[in-house]
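Undergrad: Okay, sequence plus prediction incoming.
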Amino acid sequence: MATIYEVSALAGVSLSSVSRVLNDHEHVSEKTKKKVAAAMKELGYRPNTIARSLASSRSNSVGVLVSELHGPFFGSMLSAIELELRNAGKHAIITAGHSDEENEIKGLEFLIDRNCDALILLVDAISDDYLIKLSKGKTPFVILNRNISEIRDNCFYLDNELGGYLAAKHLIEQGHKEIAYISGPLSKQDSTERLIGHKKALVEANICFKENLLYEGDYLTESGREGINFLINNKTTFTAIACSNDEMASGAMKGARDHKLLIPEQCSFIGFDNAFFTEYLYPQLTTIHFPVADMAIMSTHWILKHVYKQKELVIKNMFLPNLIERQSIQQY
């Protein structure tokens, strides 16, 4: 196996120059970098990443802790993060907390113990106070899909209230007044904000929000079907259903068909997220676009700028939703 001494001799540069190249030192000429890279390739030399980490106090890895690993929302987010980090010569270490406080804390400790240079967090159960305290520690981090005022510069989030408002407003503009709502878990910030926006649109249109038209789901497909079963079995009257995400909307559409309802003639639907599969439902699902990949990329840029000192990057923290019109809403 080739050694760093052989790389140095073949490249015709000093050991310290090879070390600076391996550790991405900023004061290394392009000529030296090319010489070292060519020598490494010819010799088949692979640097010891642990040694590099100790020498530079950098592991070139970023820990990513998310609620779940399944589903289009998390898939899109994780793909964007991993690709952006890889393009910058960094790697992602990924784990899930499953929306449970103990598991989320264990996931955090796992990533910190692995000497990650920074963390990207999408956590539901860990409190704001815990994260504020964590921000005073040694490991920098950013938070996705959550806005904590005390550490706002570290947060990347959607205007969820606006998204809920746009969804309800569009249904109202199509003539719907009896609008049911299938929410995500109301313990989560994004779910409560989307419901607030929904209610705001109803108030503007002088439509009374009815508690019996609300079903609290869990963002998973089956809870969408359970939601429409609840609404129908309780003999509520509605012409449209707004869903807090597309997975629940797809489940609710399946449930509607199980009850022999025509979509959109007898029941209109609007979702939230603009997941890739919404174009393949029948009818295609009208939804609110959540630019989750853009948000994930921006959180990665924050780390590249503040941790790895890529100063040219411009950062923005809040993202705006927009309406995607398709065929799942009937004018009433």
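TA: Arrived safely.
Undergrad: Going by C-alpha atoms from here, please, whenever you check contacts or count neighbours.
TA: Will do.
Undergrad: ranges for the helices of the stretch 151-300 of the chain?
TA: Using DSSP state H, counting those that start in this stretch, the helices found in the stretch 151-300 of the chain span residues 160-173, 189-204, 221-233, 246-258, 292-306.
Undergrad: quick check: mean pLDDT across the fourth one?
TA: Averaging pLDDT along helix 246-258 yields 97.
Undergrad: which secondary structure elements does it contact?
TA: Other helices and strands packing on helix 246-258, by 3 or more C-alpha pairs under 8 Å, 6 or more residues apart in numbering; DSSP states H and E, are helix 221-233, strand 268-270.
Undergrad: how about 7 Å then?
TA: Secondary-structure packing of helix 246-258 (3 or more C-alpha pairs under 7 Å, 6 or more residues apart in numbering; DSSP states H and E): helix 221-233.
Undergrad: Flag every buried residue along the helix it packs on.
TA: 221-231 (16 or more other C-alpha atoms under 10 Å).
Undergrad: Tell me which residues are up against that helix.
TA: Contact with helix 221-233 is made by 182, 213, 215, 217, 247-252, 254-256, as judged by C-alpha atoms under 7 Å, 6 or more residues apart in numbering.
Undergrad: quick one, what contacts His176?
TA: For His176, the contact set (C-alpha under 7 Å, 6+ apart) comprises 239-240, 332.
Undergrad: ranges for the strands of the stretch 1-150 of the chain?
TA: 61-66, 91-96, 118-121, 141-144 (DSSP state E, counting those that start in this stretch).
Undergrad: Same list, these, but as a markdown table with mean neighbour count and mean pLDDT please.
TA: Listed next are the strands of the stretch 1-150 of the chain as a markdown table, based on neighbours: other C-alpha atoms under 10 Å; pLDDT from 0 to 100:
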| stretch | mean neighbour count | mean pLDDT |
| --- | --- | --- |
| strand 61-66 | 24 | 96 |
| strand 91-96 | 18 | 95 |
| strand 118-121 | 25 | 97 |
| strand 141-144 | 23 | 97 |
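Undergrad: Domain map for the chain?
TA: When the chain is parsed with automatic domain parsing, its domains come out as 4-56, 61-157+292-318, 160-290.
Undergrad: can you redo the strands of the stretch 1-150 of the chain as JSON lines with distance to Ile172?
TA: Output for the strands of the stretch 1-150 of the chain, formatted as JSON lines (distance: least, C-alpha to C-alpha, whole Å):
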{"stretch": "strand 61-66", "distance to Ile172": "35"}
{"stretch": "strand 91-96", "distance to Ile172": "38"}
{"stretch": "strand 118-121", "distance to Ile172": "36"}
{"stretch": "strand 141-144", "distance to Ile172": "31"}
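Undergrad: Give me the neighbour count for the nearest residue to Ala38 once chain neighbours are set aside.
TA: In this structure, Ala38 finds its nearest non-sequential neighbour in Ala11, 7.6 Å apart by C-alpha to C-alpha, 6 or more residues apart in numbering. Ala11 has 20 neighbours, counted by other C-alpha atoms under 10 Å.
Undergrad: Any of the contacts of helix 221-233 buried? List them.
TA: The neighbour count (16+ other C-alpha under 10 Å) marks 182, 213, 215, 217, 247-252, 254-256 as buried among those.
Undergrad: show me where pLDDT drops low in the stretch 51-200 of the chain?
TA: 51-57 (pLDDT under 70).
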